[in-house]
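1. No sequence on hand, only this structure:
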């Protein structure tokens, strides 16, 4: 057979090749202002919160459902210990109880985590899937836009205070559609108050929001989408694909973008 080989690529929803996601920890009162900024510009965030710390400077658990609607609430452990120093029994309790508390507050399964104080080890990582945790963010930064090799050691592109605008300009200019690019920004909303630099995030979101070539997603939406993409079943000849998942996955075949709808066979 002399059939021409095809170039088939996985795309993000809508056939896009770039995704922007935001990740902020601790659930401090400044999250209210940050969520408002995100909402005005159509940007999605994931908020990793501690459900058992009740202080005046933190968002009340009873406010989570309303405030973070349209975004993602994720675990950060109940009381923010440095978990690599804790007994494993305590690590399990910190994560599971946080999940239970957050799920009761927001009404959906909570499957993400960010490591408190950036603390983790291999034993903890191996245990997380059994606790229902699908991804966890570290405090390490890549200064790049590649997709993570391990979602349980998810490194951000940058902290918001580390060359955010310059990196955003670079990300916005990326145009090679044969790659998938991700910009992942992390931080703590109270830092905007501490450093008196809210204008940095306002400027970034104003520049980055509303772009047709960017998918705006929470952390878990990226994980779920990539898992669905991995489940696609392609014909050996590159002429068809079956999507066994419920959600659609977008692909590009020889430059033509197509939606592989859930539960359907799509001809390419």
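-> The structure has been received and is ready for your questions. Nothing here was measured: the structure is a model prediction, and the numbers come from that model. Residues are numbered from 1 along each chain as shown.
2. Dihedrals phi and psi, the closest residue to residue 240 other than its chain neighbours?
-> Leaving out its chain neighbours, the residue that sits closest to residue 240 by CB to CB, 6 or more residues apart in numbering is residue 267, at 5.4 Å. Every residue, glycine included, has its C-beta placed from N, CA and C. Backbone dihedrals for residue 267, given as degrees, to the nearest 10, come out at phi -80, psi 140.
3. How about residue 17?
-> With angles defined as degrees, to the nearest 10, residue 17 sits at phi -120, psi 10.
4. Let me see the ranges of the strands in the stretch 51-200 of the chain.
-> Ranges of strands in the stretch 51-200 of the chain, per DSSP state E, counting those that start in this stretch, are 72-75, 112-114, 135-141, 154-156, 158-159, 181-187.
5. Same list (those) but as TSV, adding mean pLDDT and mean neighbour count.
-> Listed next are those as TSV, based on pLDDT from 0 to 100; neighbours: other CB atoms under 10 Å:
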stretch	mean pLDDT	mean neighbour count
strand 72-75	98	27
strand 112-114	98	27
strand 135-141	98	19
strand 154-156	98	23
strand 158-159	98	18
strand 181-187	98	23
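6. Compute the distance between the residue nearest to residue 71 when sequence neighbours are not counted and residue 58, please.
-> The shortest distance from residue 71 to any residue other than its chain neighbours is 4.9 Å, reached at residue 45 (CB to CB, 6+ apart). Counting by CB to CB, to the nearest Å, the separation of residue 45 from residue 58 is 17 Å.
7. Of these two, which one has the most company?
-> residue 45 (26 against 17; other CB atoms under 10 Å).
8. who are the neighbours in contact with that one?
-> Residues near residue 45 by CB atoms under 8 Å, 6 or more residues apart in numbering: 21, 22, 23, 24, 34, 35, 38, 71, 72, 218.
9. go with 7 Å
-> By CB atoms under 7 Å, 6 or more residues apart in numbering, the contact list for residue 45 reads 22, 23, 24, 38, 71, 218.
10. rewinding a little: give me the pLDDT for the residue nearest to residue 71.
-> We have a pLDDT of 97 for residue 45.
11. which residues of this structure fall in helices?
-> Secondary structure of the chain (DSSP state H): helices at 31-41, 64-67, 88-106, 122-127, 164-173, 190-194, 198-208, 219-230.
12. Report the angle between the fifth one and helix 198-208.
-> I take that to be helix 164-173. Our comparison of helix 164-173 with helix 198-208, counting by axes from the mean of the first three to the mean of the last three CA atoms, to 10 degrees, yields an angle of 10 degrees.
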